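Undergrad: Any chance you could fold what I've pasted below:
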Amino acid sequence: MKRREFITASVAATTLAGLRCAQAQGRSGSISRSLDRRDYYELRLYHLQSGANRALLDAYLSKALIPGLTRLGVSPVGVFVQQERAGAAGATEVRDESSLMVLIPFPSIESFASAGARLTADPAYQQAGADYLNSPKTNPAFERIESWLMLAFAGMPRVELPAYCQKGSPRMFELRTYASHSEPKAQKKVDMFNDGEIQLMRDVGLGPVFFGQALIGSNLPHLTYVLSAEDQAAHAKHWDAFRQHPTWDKMKNDPQYADTVSKITNRFLVPAPYSQI
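TA: Numbers count the residues shown, from 1 in each chain. The predicted structure is shown next:
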């Protein structure tokens, strides 16, 4: 190996090793903060034109994108639509029936970065998605796409599917977003979830599916998570159990977690028939 090539390779290896070491360093406590053990999530929001036929987008997602991502080892992919219901107390409910939400869990940042090129090179994906991919300007499949890249929480490093999700039984979801007024406070709320709030949600039956800290996207800093239940009545019952639990009462009154959230928004969702979540 030439001297210049050797030096370049050595520097790259040292830099990568240092990055991995830095990623593995965590705060004190029982939960590791190692990034290589946590998924990255892309959350897409497809906005549809008013009165648009959703069939083209549904066909693309169900027949091209999800099978293509599955071939890349990326799953489960969730596809959700807005559930019509009354607003919930304690949060501002986002009403947007003319949209489709897609959650894509990537096992690494490299798989996220390479997915587009790998799908483009996949003949089966190209064939199945041809109508969507080649849609004319006069009849687009969507009006625009919003997208967020998120890092899974250490306390839930991957998607978790309750039994009713695995069986494809009737189910509903609540997507909640917590905005914070500063980066340190946003991180402190993540710590609060990792230090017991996630486990409490599991214990009372709220059926958490994923937790993600937004890295790239609009309205930063914030975190997003999804809860689930078999129906709205069960979901409300589980929330009551959570709010009345002594562990939550202790955590919410802990001074270290004060002022971590400045705004809460939520969406009540149901899965598309072909959703893997």
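
Undergrad: rest of the way, CA atoms for contacts and neighbours
TA: Will do.

Undergrad: in the stretch 101-250 of the chain, which spans are helices?
TA: Counting by DSSP state H, counting those that start in this stretch, the stretch 101-250 of the chain has helices at residues 109-120, 123-128, 130-133, 163-167, 183-192, 198-203, 232-244, 246-252.

Undergrad: List the contacts of the residue nearest the centre of the chain.
TA: In the chain, the C-alpha nearest the mean C-alpha coordinate belongs to Y41, at 4.8 Å (CA atoms, centre = their mean). With contact taken as CA atoms under 8 Å, 6 or more residues apart in numbering, Y41 is in contact with 103-106, 148-152, 212.

Undergrad: And what about it, helix, strand or coil?
TA: strand (DSSP: H, G, I helix; E, B strand; the rest coil).

Undergrad: Please name the bridge partners of it.
TA: Bridge pairing for Y41 (DSSP bridges) gives the partners P105, M150.

Undergrad: Can you tell me how far it is from S147?
TA: 10 Å (CA to CA, to the nearest Å).

Undergrad: Kindly report the same for E110.
TA: Separation of E110 from S147 (CA to CA): 17 Å.

Undergrad: Just put the contacts of Y41 in JSON lines and tack on neighbour count.
TA: Listed next are these as JSON lines, based on neighbours: other CA atoms under 10 Å:
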{"residue": "L103", "neighbour count": "22"}
{"residue": "I104", "neighbour count": "22"}
{"residue": "P105", "neighbour count": "27"}
{"residue": "F106", "neighbour count": "26"}
{"residue": "W148", "neighbour count": "20"}
{"residue": "L149", "neighbour count": "20"}
{"residue": "M150", "neighbour count": "22"}
{"residue": "L151", "neighbour count": "24"}
{"residue": "A152", "neighbour count": "26"}
{"residue": "G212", "neighbour count": "28"}
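
Undergrad: For L48, list the residues it contacts.
TA: By CA under 8 Å, 6+ apart, the contact list for L48 reads 54, 98-100, 141-144.

Undergrad: let's go with 10 Å and repeat that
TA: Contacts for L48 (CA atoms under 10 Å, 6 or more residues apart in numbering) come out as 54, 57, 96-100, 140-145.

Undergrad: for Y274, same thing?
TA: 58-59, 61-63, 66, 77-80, 168 are the contacts of Y274 under CA under 10 Å, 6+ apart.

Undergrad: Okay, and the beta partners of L175?
TA: Bridge pairing for L175 - DSSP bridges - gives V226, R267.

Undergrad: Count the neighbours of it for me.
TA: 20 (other CA atoms under 10 Å).

Undergrad: again, but for A55
TA: Neighbour count of A55, defined by other CA under 10 Å: 10.

Undergrad: from memory it sits against P140, does it?
TA: No - applying CA atoms under 10 Å, one finds A55 not in contact with P140, separated by 11.7 Å.

Undergrad: Buried ones among the contacts of Y274?
TA: Buried subset of the contacts of Y274 (neighbour count, 16 or more other CA atoms under 10 Å): 58-59, 61-63, 66, 77-80.

Undergrad: From those residues, which land in helices?
TA: Of these, the ones assigned to helices by DSSP state H are 58-59, 66.

Undergrad: would you turn those into CSV with distance to N253 and pLDDT?
TA: Shown next, in CSV, are those (distance: CA to CA, whole Å; pLDDT from 0 to 100):
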residue, distance to N253, pLDDT
D58, 45, 95
A59, 48, 96
I66, 43, 98
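
Undergrad: one step back: highest mean neighbour count across the helices of the stretch 101-250 of the chain, which stretch is it?
TA: Comparing these by mean neighbour count (mean count of other CA atoms under 10 Å), helix 183-192 ranks first with a mean of 19.

Undergrad: so what secondary structure elements neighbour that one?
TA: For helix 183-192, the elements it packs on are strand 172-179, strand 210-216, strand 222-229, judged by 3 or more CA pairs under 10 Å, 6 or more residues apart in numbering; DSSP states H and E.

Undergrad: Indicate which one of those is closest to S275.
TA: Across the helices and strands packed on helix 183-192, S275 has its closest neighbour in strand 172-179 (12.1 Å, CA to CA).
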